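*Asks:* generate a structure from the sequence data that follows.
(2 chains, ligands or ions: 2)
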Amino acid sequence: MSDMTENTALTRRRFLAGSAAGALIIGFNLPAPGRFGAALAAGGGDTPLVNGWLIIAPDNSITVRVASSEMGQGVYTSMPMLIAEELEVGMDQIAAEMSPVGPQFTNLAFNMQATGGSTSIRWSFEPLRRVGAQAREVLRAAAARTWNVPLAQTRAERGQIHHTGSGRIATYGELAPLAATLTPPAEVSLKPRSEWKLLGTPAKRLDSAMKATGTAGFGIDVQLDGMLVATVAACPTFGGKLKSVDEGPAMAVKGVRKVLRLPDAVVVVADGYWPARKGLAALQPQWEPGDNASNSTARISERLQAGLNGGDGARAMAKGDAAALAGAAKTVSATYEAPLLAHATMEPMNATAHVRSDGVDVWLPTQSPGLIPGIVAKLTGVAPEQVTVHTTFLGGGFGRRFEMDFMIQAVLASQAAGAPVKLIWSREEDTRHDFYRPPSAARLEGGVDGAGKPLALKARICCPSIFERVFPQFINNGVDSTAVEGIADTAYDFDNLHVDYVMQDVGVPVGFWRAVGNSQNAFFMDGFVDELAHAAGRDPMDFRRDLFTGDRRNAALLEKLARESGWGKAPAGRAQGVSIHHSFGSLVGQVMEISLQGDAVTVHKVTCVVDCGTFINPDTIRAQVESSIVYGLTAAWFGEIEIEGGAARQGNYDTYRMLRLAQMPAVDTHIMVNDEAPGGMGEPALPPAAPALANAIFAASGKRYRSLPLSRHGLRPA
Amino acid sequence: MQYTLKLNDRQHTVDVDPDTPLLWVIRDNLGLTGTKFGCGIAQCGACTVHVGGQPVRSCSYPVSAVGTQSVRTIENLQDHPVQQAWIEQDVPQCGYCQSGMIMAAVALLEANPNPAPDDIDRQISNICRCGTYNRVRSAILAAARRA
Ligand code: FES
Ligand code: FES
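*Replies:* Residues are numbered from 1 along each chain as shown, chains lettered A, B, ... in the order given. Ligands and ions are numbered 1, 2, ... in the order given. The predicted structure is shown next:
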């Protein structure tokens, strides 16, 4: 065990050194158990096993490293479950901690240490079980060696190795030091599903107690000796620059230490957040607004429509014959549009940095710890190995915390201040300087045959590209897959499917928003499929049956959804809408049952059926379904960032509204049981929410809404 | 200005401007980080604490208005029935709104030990971006049964 172990040990030593340089004080728990921290502080005796994936202390406490960032989706529990299953320990015997940056913690779906795309379980399902099995095997081997008995006579159970002949027992804690010197077998056999004790059964979250007592450490909670607090205002206009600022008024505020000019922003560093914010409010920065100064929501919409109406599109999908439409008994054509959306994570963007000549420590809620050392090294001139990343809990991520902007600001502020600096954005800054869900427009044309069966679908989609900024290498023949996902790769089985993409810059930065392109494309697709069903004079659920004839799993999910939702049997005065959407490896169907009272809509219940293949923690799946439905419904009802004078209009929750508890519908979740490969669950239940709602509103009122949010059409949640 | 606050049964003296929100006194001056900043305009409730036994949004409550009233933060709850119900039902997701939710729930139950679901709908207006609402509702009802 090799270089990687040494790296890990090094990282941990440096964590301690970093802590000594700026000791963590009062009330802050990094996402790590107290006892592990205490063991480290006491000088340890704890032993890392299998490339530092787990650490076993002499008292037999077992800490499992979590490579994915915990942002609510439950990886802090589900990833340790994978290791625990093969390690033969109960969930009551382990604690979790966020992993440091290291090659062994790379997300194999992205080939970098990052969390997103609902990939965590998908990439780690086999590797983490192998980690658990390898650890178990070296512990068994250590016992066999200690007792001088054949390996075959040893057995692992609940944190102990038993000798079957003599009944002797040793704890993992006792065996770990010897086990660490042994090479884990390259080949391990994993338990068959029938022998799983943990996987697939509900497990308690390992972070609930911390989060119910206020002791879970989020980025915003970091406190270091000598730490200053900063806040920032970037040029309101996207792409604009800071021309000048007179720092005098801020420096006159008690507690303000420094005003820092960045190319596109001004930062005020102070003794605390409030003086920093007062200092910032006192400033009158002069901005150079740049090329986007006259940009507006209307202009963006015009650009998208222009893209639909003219110019070359890139072919994203060509299946069958688009000309089949000509032979359709009935055709439908419609244009859909979706607005810019901000992420609005509950914890505003923040990061803490301590830049020193001998290295840099950063503490932050991030989805991409693996990107940070290289970026910080370039900014500060230290080597990447001298950069230590401490990933805290994330107060929401949703794709926003993939970005590096706030981290860079904190590093620059610490460098300028010559002290550790925690930089916190205001809510307004967070809303106005997001990387937004791209606004998108789509023209769909489709037809049904004489029997009312779906025949062909053509889609032309126009929106800005996310990949153009972040991963241009992923753009394939002019197609950004995130712009067309959910339509070009729809689970609906159209024999003839043609999809074109028109890339259109809109003068606003765009990024990954929960469920990415699926978030708007499901609204387009499933609204339009409903329109086709209506044109064919058919029941929307029954019409979709004909689009699932080729896939047994899809068909089974639809039948389950029809049954569990009581499709077609809604009580008088209520209407139902359906949407079924495949994304991130999982298929999710939802039926919303609603009633209308004038312009107020009551969602009485949401029936949700999920096929995510093999699942780890069903309780997390239920939580993620509810979470995704709220996120999707919030956008459907209220979500819109408007652009005026090149800047975002909405700033805080009074104008960028969120669904609240009183508007939360009952959710009835059903999970399909099968042994297919695991699918993602952090996002796939989001896309169906908006179309299921809009389709239900159509069923109730005969009104088809083809753009969001619904509040723009005068509707509101009751 | 010097202010002496009675917070979590202890006296603390801080020297801050009168307009400093109680939230930032709690977080930055007293170092208690369980109480969160979400919006700063009394919209989200992440900063909910009790002042004189009432739930307040501390981001919009100047320290100068506290006077002699006692302040209570999440750090003062000891294995409270609401926290027990929260842990039992695994309410938290990202967890960021949860201190405020719990402080709002505790205040609700102190005023109304047997709330109907409608009471909860009316009185818990905190935002949870992760959408833990249904579990929040059911954990409050469970805590009411437990207390
Ligand atoms: S931070 Fe106080 S209500 Fe949002
Ligand atoms: S648990 Fe994340 S905001 Fe409520």
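*Asks:* low pLDDT regions in chain A?
*Replies:* Within chain A, the segments meeting pLDDT under 70 span A:1-44.
*Asks:* right, and A:Trp274 touches B:Leu22 too?
*Replies:* No. At 10.5 Å, A:Trp274 does not count as touching B:Leu22 under the criterion of CB atoms under 8 Å. Glycine gets a C-beta too; all of them are placed from N, C-alpha and C.
*Asks:* please give the element, helix or strand, for B:Ala144.
*Replies:* helix B:133-146 (DSSP states H and E).
*Asks:* just the CA atoms of stretch A:597-612, as PDB, please.
*Replies:* Provided in PDB are the C-alpha atoms of stretch A:597-612 (Å, rounded to 0.1, in the frame of the first residue of the first chain):
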ATOM      1  CA  GLN A 597     -60.200  27.400  -7.800                       C
ATOM      2  CA  GLY A 598     -60.100  30.300 -10.200                       C
ATOM      3  CA  ASP A 599     -56.400  31.000 -10.700                       C
ATOM      4  CA  ALA A 600     -55.300  29.000  -7.600                       C
ATOM      5  CA  VAL A 601     -54.200  25.500  -8.100                       C
ATOM      6  CA  THR A 602     -54.200  22.900  -5.300                       C
ATOM      7  CA  VAL A 603     -51.900  19.900  -5.900                       C
ATOM      8  CA  HIS A 604     -53.600  17.300  -3.800                       C
ATOM      9  CA  LYS A 605     -51.000  14.600  -4.300                       C
ATOM     10  CA  VAL A 606     -48.100  13.500  -6.400                       C
ATOM     11  CA  THR A 607     -47.700   9.900  -7.100                       C
ATOM     12  CA  CYS A 608     -44.100   9.100  -8.100                       C
ATOM     13  CA  VAL A 609     -42.700   5.800  -9.400                       C
ATOM     14  CA  VAL A 610     -39.000   5.500  -9.600                       C
ATOM     15  CA  ASP A 611     -36.900   2.900 -11.500                       C
ATOM     16  CA  CYS A 612     -33.300   3.600 -10.500                       C
END
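*Asks:* what about that stretch and chain B, any contact?
*Replies:* No. Stretch A:597-612 does not reach chain B (CB under 8 Å from any CB of the partner chain); its nearest approach is 10.4 Å.
*Asks:* find the closest residue to ligand 2 in chain A.
*Replies:* Going by CB to the nearest ligand atom, ligand 2 is nearest to A:Met346 of chain A, at 3.7 Å.
*Asks:* can you tell me the closest non-neighbouring residue to A:Val75?
*Replies:* Leaving aside its chain neighbours, A:Val75 sits nearest to A:Ser68 (4.2 Å; criterion: CB to CB, 6 or more residues apart in numbering or on different chains).
*Asks:* neighbours around A:Asn674, how many?
*Replies:* 14 (other CB atoms under 10 Å in any protein chain shown).
*Asks:* so it versus A:Val630, what's the distance?
*Replies:* In this view, A:Asn674 and A:Val630 are 27 Å apart by CB to CB, to the nearest Å.
*Asks:* burial count for residue 99?
*Replies:* Just so you know, I chose chain A. 24.
*Asks:* sorry, should have said chain B
*Replies:* 29.
*Asks:* now do the contacts for residue 115.
*Replies:* By default, I'm working from chain A. Residues counted as contacts of A:Thr115 (CB atoms under 8 Å, 6 or more residues apart in numbering or on different chains) are A:Ser68, A:Ser69, A:Met71, A:Val75, A:Asn107, A:Gln367, A:Ser368, A:Gly397.
*Asks:* let me rephrase: I mean chain B.
*Replies:* Contacts of B:Pro115 (CB under 8 Å, 6+ apart): B:Leu108, B:Leu109, B:Gln123, B:Ile140, B:Leu141, B:Ala144.
*Asks:* so the residue nearest to A:Pro665 when sequence neighbours are not counted, which of the three states?
*Replies:* Sequence neighbours aside, A:Val603 is the residue nearest to A:Pro665 in space, at 3.9 Å (criterion: CB to CB, 6+ apart). Here A:Val603 is recorded as strand under DSSP: H, G, I helix; E, B strand; the rest coil.
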